[in-house]
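K.L.:
Return atomic coordinates for the entry below.
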Amino acid sequence: MYEIIFSEESLNDIDEIKAFIELDNRIISEKVVSSIMNTIQYLSVFPQLWVLKNWDSREIVESVYKYKIRYKLINNLIYIFTIYKYQNK
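P.N.:
Numbers count the residues shown, from 1 in each chain. Here you go, the predicted model:
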């Protein structure tokens, strides 16, 4: 398994996502954050399965609420550097 490291920005992203959704519904905000964290934990087992965005980063889309998680693989580390809402155009 790979170790997961969160950047300061990714931790802020999670806090902002939770706070924004919590304005309408605290229970849903907890479910969204839980789903994001479960997706990140899944990465610790299968980090190379998702889209290679450029030569040094990958993205996975959390499947329920559609948040993108951008990360890098560095040796046996998964470095989470941003989380944002997926906008399907």
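
K.L.:
all contacts plus neighbour counts: C-alpha atoms, from now on.
P.N.:
Will do.

K.L.:
all strands of the chain, in order?
P.N.:
3-6, 51-54, 57-61, 67-74, 77-85 (DSSP state E).

K.L.:
Format those strands as CSV; extra columns: mean neighbour count.
P.N.:
Formatted as CSV, the strands of the chain follow (neighbours: other CA atoms under 10 Å):
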stretch, mean neighbour count
strand 3-6, 15
strand 51-54, 12
strand 57-61, 19
strand 67-74, 20
strand 77-85, 19
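
K.L.:
got any ranges where the protein has weak pLDDT?
P.N.:
Scanning the chain for pLDDT under 70 picks out 51, 88-89.

K.L.:
for it, which residue is closest to the average position?
P.N.:
With distances taken as CA atoms, centre = their mean, residue 69 lies nearest the centre of the chain, 3.3 Å away.

K.L.:
so how far is residue 59 from that one?
P.N.:
Per CA to CA, to the nearest Å, residue 69 is found 6 Å from residue 59.

K.L.:
Report the beta-bridge partners for the nearest residue to residue 61 once chain neighbours are set aside.
P.N.:
What sits nearest to residue 61 in space, not counting adjacent residues and going by CA to CA, 6 or more residues apart in numbering, is residue 68, at 4.4 Å. Beta-bridge partners for residue 68, by DSSP bridges, are residue 61, residue 84.
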